[in-house]
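A.B. asks: the amino acid sequence is not available; the structure is as follows:
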């Protein structure tokens, strides 16, 4: 059993018709669904943040992607979170 899970739902997600947990019997179907959902969220939501798909065991998690400018400026002390 494979799951597609929204890690952190934003207000755009809560106002959409998307579900935060989806279950599939087939890994390929779960992956395709996760990619399509991520693309829809990145294309239709407000663009304050972007989303990425992370595969963790049998789960595909759709998570917030860190902005590049924060990644490049980060010193590693944990203050940039």
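C.D. replies: Structure received. All values derive from a computational prediction rather than experimental measurement.

A.B. asks: next up, the contacts around residue 43.
C.D. replies: If you count contacts by C-beta atoms under 8 Å, 6 or more residues apart in numbering, residue 43 has none. No exception for glycine: its C-beta is placed from N, CA and C like everyone else's.

A.B. asks: and it, helix, strand or coil?
C.D. replies: helix (DSSP: H, G, I helix; E, B strand; the rest coil).

A.B. asks: could you check the pLDDT of it?
C.D. replies: Looking at residue 43, its pLDDT stands at 92.

A.B. asks: pull up the distance across stretch 40-58, start to finish.
C.D. replies: 22 Å (C-alpha to C-alpha, to the nearest Å).

A.B. asks: how far does that stretch sit from the chain's center?
C.D. replies: Remark: stretch 40-58 is offset 4 Å from the chain centroid, using C-alpha atoms, centre = their mean, to the nearest Å.

A.B. asks: show me the contacts for residue 33.
C.D. replies: Contacts of residue 33 (C-beta under 8 Å, 6+ apart): 4, 22, 24, 60.

A.B. asks: which parts of the host helix or strand of it are buried?
C.D. replies: For residue 33, the host element (DSSP states H and E) is helix 27-44. Buried residues in helix 27-44, counted by 16 or more other C-beta atoms under 10 Å: 30, 31, 33, 34, 37, 38, 41.

A.B. asks: which of those residues sits closest to residue 65?
C.D. replies: residue 38 (9.5 Å; C-beta to C-beta).

A.B. asks: and the gap between that closest one and residue 32?
C.D. replies: Distance of residue 38 to residue 32, computed by C-beta to C-beta, to the nearest Å: 11 Å.

A.B. asks: the residue positioned nearest the centre of the chain and residue 24, how far apart?
C.D. replies: Taking C-alpha atoms, centre = their mean, the centroid of the chain lies closest to residue 62, which sits 2.1 Å from it. Per C-beta to C-beta, residue 62 is found 14 Å from residue 24.

A.B. asks: kindly report the same for residue 33.
C.D. replies: Counting by C-beta to C-beta, the gap from residue 33 to residue 24 is 7 Å.

A.B. asks: shared neighbours, those two?
C.D. replies: residue 4.

A.B. asks: helix/strand/coil for the residue nearest to residue 35 when sequence neighbours are not counted?
C.D. replies: With C-beta to C-beta, 6 or more residues apart in numbering as the criterion, residue 35 has its nearest non-adjacent residue at 6.1 Å, and that residue is residue 53. Under the three-state scheme (three-state DSSP), residue 53 adopts strand.
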